[in-house]
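In: return atomic coordinates for the entry below.
(2 chains)
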Amino acid sequence: MHVDEKYYDEIFDFEGEWNLRSKCGLRIKDYGDRKVVIVTELYQDNPGSSITYGAGSLLEQICSAKGLDYRKVIYLECNPDTDSKLSFYDEEYFLTEFEMVDGKLINPKYTRLSDEQIKEIVEI
Amino acid sequence: MAQIIKMVLIYPRWEKLKGQTTFNLPPHGPVVMAASLPEYVDVSFTDENVEEINFDEECDLVSISMMLSTQVKRGWAIAAEFQKRGKKVIFGGISTMLHAEETVEHADSIFLGESEGRMEEVLTDWKNGKLKKIYNYMRDQPPIESVGPARRDLYKRELYNHKGVQMVDLFHASRGCRFSCYPCAVSYLGGRVFRPRPMERVLEELATIDNNRLFIVDNSLAQNKEWEMQLFKEMIPMKKKWISHTIEDDPKILDLAAQAGAWYVYQAVFDTSDYIKERVKRYHDYGIGVEGTILLGLDNQTEDDMKRLIDFLLEIDLDLAEFTIMTPFPHTKGFDDFKRQNRIFDWDWDHYNAGQVVFQPANMTPDKLQDMYDYAWRTFYQDESQESKMMRLFTKVMMKEMDDGTWKPRDRSLTNKSFGKDVVRNF
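Out: Okay, here's the model as predicted:
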């Protein structure tokens, strides 16, 4: 169940839960003051935590590695289409918003995006 | 000589699903962990599913091994009892890893990861009064060569016996899984890299098991054809009879599996396709039985789909079927999806038994899904009970054993016992 490279520009290594070495697809769209960060689940090519378990810690690690300000980031989690006959491996995007508490991004809130909403945020 | 440390190793009980035939198999995780303990540890094992815990047993240290989500709350309660008596309690096992953040609140220490080569450190810390709250080896798996034969000598064998028939022994030939199945957390727990044990270690362990019937608990044997074929070839002379998860769908491999003693396999049935129908037939063609595992409550299933699926199961002549309700166990894709969609309404881990609806299904109410689960069990077994179908499979294995001279009669001294309890016969 390999994920098509069309979903990302690079593989991002991150530390998952319990320090697990983890990987996700990463694409950053730069719209000046606004950055759209899209993380993509890699399934069998991710040896550790999922992007959803990575959650705020993953966004913090991306911001740190790429010099981004989380307050200017629109953060999307992507379940890629894996060409599986099982419908729960179809493509989905979630706008993911966090609260900053004691220096940590926690309490993620997810909004599933329609195709139109994705186009409004970013032309993928 | 090192001072002997007396360790009590506990496997917590869980509530069995109502209406289903209960069998207590000797648990695998605790005795695999026990094999990794240094020689100076004198360990006694209590499986609470078949015997009472003696909270006053003399010991230096208590370890609690947990496999299922439905064991964690009981595990925490057991820990509290021992802690009241001044004992230190360390947790390990699969569901400790899945529920680590909560379990650490109830533990003196938790161990995450695989224990081979690690326990000396834990025990030295304990002896020095420096037991760490968390031993995190999740990203640092030990060499697979270091996995030795499990400590099956710790079992009280008579407790895993039903009316004189010894239950199968659990055994593993590999760790890790390269697949990413929707409801499964194995790749999180054991890594996504398939790690077969060296064949000589596998055979060494198989030779130590005084039981002709096994359950090979590897998540899937269909991960590496060459290895799978070698495993089966090497097993042929041992004449064991075994149950396993999926076997590669290849005539050569199925033939070798049958020669190696494949009794029956668990095969996931997701749809009513010809592929599934033929897959089941191919197993049967080689004399291998099939227990279908059917997950109900997936987002692509409607009530009609489920009914069609159950009719299909009856048509394809499955030997057994096991129905479970989709359950979003932590660290699965199902959990991620339902969490994002805010569909999980029940966070009581005692209810995560795969027989109870804990989330909002996509195409029906939770009550309807619960009804469909009951309907599935009832309908599949309406013409022939689960016990009767099991007996047919059991007869098949006895016939195979009689053919190759490995059959042993039941233990007459235990014919009035079932898992350590007296059998009540209603005449």
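
In: gap between the helix or strand of chain B with the lowest mean pLDDT and the chain center?
Out: Ranked by mean pLDDT, DSSP states H and E, the weakest helix or strand in chain B is helix B:186-190, scoring a mean of 82. Taking CA atoms, centre = their mean, to the nearest Å, one finds the center of helix B:186-190 at 14 Å from the center of the full chain.

In: repeat for stretch B:364-378
Out: The answer for stretch B:364-378 is 25 Å, by CA atoms, centre = their mean.

In: in three-state terms, label residue B:322 for me.
Out: strand (DSSP: H, G, I helix; E, B strand; the rest coil).

In: beta partners for it?
Out: Taking DSSP bridges as the rule, residue B:322 bridges to residue B:293.

In: for residue B:295, see how far away it is.
Out: Per CB to CB, to the nearest Å, residue B:322 is found 10 Å from residue B:295. C-beta: built from backbone N, CA, C; applies to glycine.

In: give the intersection of the neighbour lists for the two.
Out: Common neighbours of residue B:322 and residue B:295, counting by CB atoms under 8 Å, 6 or more residues apart in numbering or on different chains, are absent.

In: and residue 123, what pLDDT?
Out: You didn't say which chain, so I picked chain A. What the model reports as pLDDT for residue A:123 is 68.

In: not quite, go with chain B.
Out: On the pLDDT scale, residue B:123 gets 97.

In: test my guess that it contacts residue B:5.
Out: Yes. With contact defined as CB atoms under 8 Å, residue B:123 counts as touching residue B:5 (6.3 Å).

In: quick one: which of the two has more around it?
Out: More crowded of residue B:123 and residue B:5, by other CB atoms under 10 Å in any protein chain shown: residue B:123, with 21 against 17.

In: how much space separates the more buried one from residue A:77?
Out: Taking CB to CB, one finds residue B:123 at 42 Å from residue A:77.

In: one more: residue B:130?
Out: Taken as CB to CB, the span from residue B:130 to residue A:77 is 40 Å.

In: repeat that for residue B:370.
Out: From residue B:370 to residue A:77 the distance is 30 Å (CB to CB).

In: can you check residue B:146 too?
Out: 37 Å.

In: again, but for residue B:170
Out: Residue B:170 is 37 Å from residue A:77, by CB to CB.

In: which non-adjacent residue is nearest residue B:327?
Out: Nearest residue to residue B:327 in three dimensions, chain neighbours excluded: residue B:354, at 4.9 Å (CB to CB, 6 or more residues apart in numbering or on different chains).

In: helices of the chain, start to end?
Out: Assuming you mean chain A. A:51-66, A:115-121 (DSSP state H).

In: could you do chain B instead?
Out: B:29-35, B:72-84, B:94-98, B:100-103, B:119-127, B:186-190, B:199-208, B:225-235, B:251-259, B:274-285, B:303-315, B:333-340, B:366-380, B:386-404.

In: out of those, which gets nearest to residue A:2?
Out: Closest to residue A:2 of those is helix B:186-190 (CB to CB; 14.5 Å).

In: any part of the helix or strand bottoming out on mean pLDDT in chain A near chain B?
Out: Lowest on mean pLDDT, DSSP H and E among the helices and strands of chain A sits helix A:115-121, with a mean of 90. No. On the criterion CB under 8 Å from any CB of the partner chain, helix A:115-121 is out of touch with chain B, staying 15.0 Å away.

In: and the contacts of that helix?
Out: Counting by CB under 8 Å, 6+ apart, A:36, A:74, A:76, A:93, A:95, A:113, A:124 sit against helix A:115-121.

In: from chain B, how far out is the residue nearest to the third one when sequence neighbours are not counted?
Out: Translated: residue A:76. Nearest residue to residue A:76, sequence neighbours excluded (CB to CB, 6+ apart): residue A:38, at 4.7 Å. Look at residue A:38 and chain B: by CB to the nearest CB, to the nearest Å, they are 15 Å apart.

In: hmm, residue B:54 is touching residue B:46, no?
Out: Yes. Contact status for residue B:54 versus residue B:46: in contact at 7.4 Å, counting by CB under 8 Å.

In: and those two? Which one has more around it.
Out: Between residue B:54 and residue B:46, counted using other CB under 10 Å, the more crowded position is residue B:46 (20 against 11).

In: what's near enough to touch that one?
Out: Here residue B:46 is in contact with B:8-11, B:53-54 (criterion: CB under 8 Å, 6+ apart).

In: state the distance from the residue in the stretch 1-150 of chain B positioned nearest to chain A to residue B:73.
Out: The stretch 1-150 of chain B approaches chain A most closely through residue B:138 (4.3 Å), counting by CB to the nearest CB. According to CB to CB, residue B:138 stands 23 Å off from residue B:73.

In: between those two, who's got more neighbours?
Out: Legend: neighbour count by other CB under 10 Å for residue B:138 and residue B:73, higher for residue B:138 (22 against 17).

In: which residue would you name as the spatial centre of the chain?
Out: All of this is about chain A. For chain A, the residue sitting closest to the mean C-alpha position, by CA atoms, centre = their mean, is residue A:39 at 2.3 Å.

In: select, out of the helices of chain B, the one closest to residue B:346.
Out: Nearest to residue B:346, of the helices of chain B and by CB to CB, is helix B:366-380 at 8.8 Å.

In: can you list the buried residues in that closest one?
Out: B:366, B:369-370, B:372-373, B:375-377, B:379-380 (16 or more other CB atoms under 10 Å in any protein chain shown).

In: likewise for stretch B:307-322?
Out: Under 16+ other CB under 10 Å, the buried positions of stretch B:307-322 are B:309-310, B:312-313, B:316, B:318-322.

In: what about that stretch, distance to the chain center?
Out: Counting by CA atoms, centre = their mean, stretch B:307-322 comes out at 23 Å from the chain centroid.

In: got the contact list for the residue nearest the centre of chain B?
Out: Closest residue to the average C-alpha location of chain B: residue B:217 at 6.5 Å, with CA atoms, centre = their mean. Residue B:217 makes contact with B:28, B:170-172, B:244-245, according to CB under 8 Å, 6+ apart.

In: residue B:173 too?
Out: Residue B:173 neighbours (CB under 8 Å, 6+ apart): B:196-197, B:202, B:216, B:218, B:221, B:231.

In: flag every residue of chain A that's near chain B.
Out: Checking chain A against chain B by CB under 8 Å from any CB, the hits are A:1, A:17-21, A:41, A:43-50, A:52-53, A:77, A:79, A:86-89, A:94, A:110, A:112.

In: could you identify the buried members of the residues you listed?
Out: Buried, going by 16+ other CB under 10 Å: A:1, A:17-18, A:20-21, A:41, A:43, A:46-50, A:52-53, A:77, A:79, A:88-89, A:94, A:110, out of the residues of chain A next to chain B.

In: returning to that earlier point: report whether the least confident helix or strand of chain B contacts chain A.
Out: Yes. Judged by CB under 8 Å from any CB, helix B:186-190 comes into contact with chain A at B:187-188.

In: what's around the spatially closest residue to residue A:110 that is not a sequence neighbour, how many residues?
Out: In space, and not counting its chain neighbours, residue A:110 is closest to residue B:340: 4.0 Å by CB to CB, 6+ apart. Neighbours of residue B:340 under the rule other CB under 10 Å: 19.

In: then residue B:404?
Out: What residue B:404 shows, counting by other CB under 10 Å, is a neighbour count of 11.

In: so what's it up against?
Out: Per CB under 8 Å, 6+ apart, neighbours of residue B:404: residue B:239.

In: any stretches of the stretch 1-150 of chain B with poor pLDDT?
Out: Filtered on pLDDT under 70, the stretch 1-150 of chain B yields the residue ranges B:1.
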